[in-house]
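[1] sequence-free structure coming up:
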């Protein structure tokens, strides 16, 4: 799938999931791009999981267990992890927003109004282990003008 095709296909899901929440669709879509490798990751193909969301102890839906890379003390290591499995891509986009609404560590995300601030806070809140995560999201947003999907 080309970047143009990916954006056209999934931007509506990002917009719908973020509508009225204070979260930005540009960040939602950029995360889907980055985490799923433009929809080509094994996790995305097998589980419609665009965000690398792990199952966790409170998840009651289906799971898929796959190897993943984590940055620990500046080094990349591979670990096996249980990830959430979704029936549709749209369900994954919606669940990302629900996760942020329900976990206290993400509440600060609802208090910012720029994609730069939201990207930085995602890292500070513990969403990703990649030390360059905010910069990667911001670069994707700028390159593909994803702010056009923010309302």
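    Good, I have the coordinates. Quick caveat, the model's predicted, so the values are computed rather than measured. Numbering: from 1, shown residues only.
[2] now the helices for this protein?
    3-18, 25-36, 42-47, 89-102, 115-124, 133-143 (DSSP state H).
[3] which strands and helices sit next to the fifth one?
    The one in question is helix 115-124. Other helices and strands packing on helix 115-124, by 3 or more Cβ pairs under 8 Å, 6 or more residues apart in numbering; DSSP states H and E, are helix 25-36, helix 133-143. (Each C-beta comes from the backbone N, C-alpha and C, glycine too.)
[4] mind checking which of the ones you listed is nearest residue 101?
    helix 25-36 (13.1 Å; Cβ to Cβ).
[5] so for the closest one, mean pLDDT?
    Taken as a whole, helix 25-36 has a mean pLDDT of 97.
[6] list the buried residues for the helix or strand bottoming out on mean pLDDT in the chain?
    Taking mean pLDDT, DSSP states H and E as the measure, the chain has strand 63-72 as its least confident helix or strand, at a mean of 88. Buried positions in strand 63-72, judged by neighbour count with 16 or more other Cβ atoms under 10 Å: 63-64, 66, 68.
[7] what's the burial count for the closest residue to residue 33 other than its chain neighbours?
    Distances taken as Cβ to Cβ, 6 or more residues apart in numbering put residue 140 closest to residue 33, at 5.5 Å, once the chain neighbours are dropped. Residue 140: 20 surrounding residues under other Cβ atoms under 10 Å.
[8] on that earlier part again, pairing partners for the least confident helix or strand of the chain, with directions?
    In the sheet, strand 63-72 lines up against strand 75-84 (antiparallel) (DSSP bridges).
[9] highest mean neighbour count out of the helices of the chain?
    Scoring the helices of the chain by mean neighbour count under mean count of other Cβ atoms under 10 Å gives helix 25-36 as the most buried, with a mean of 26.
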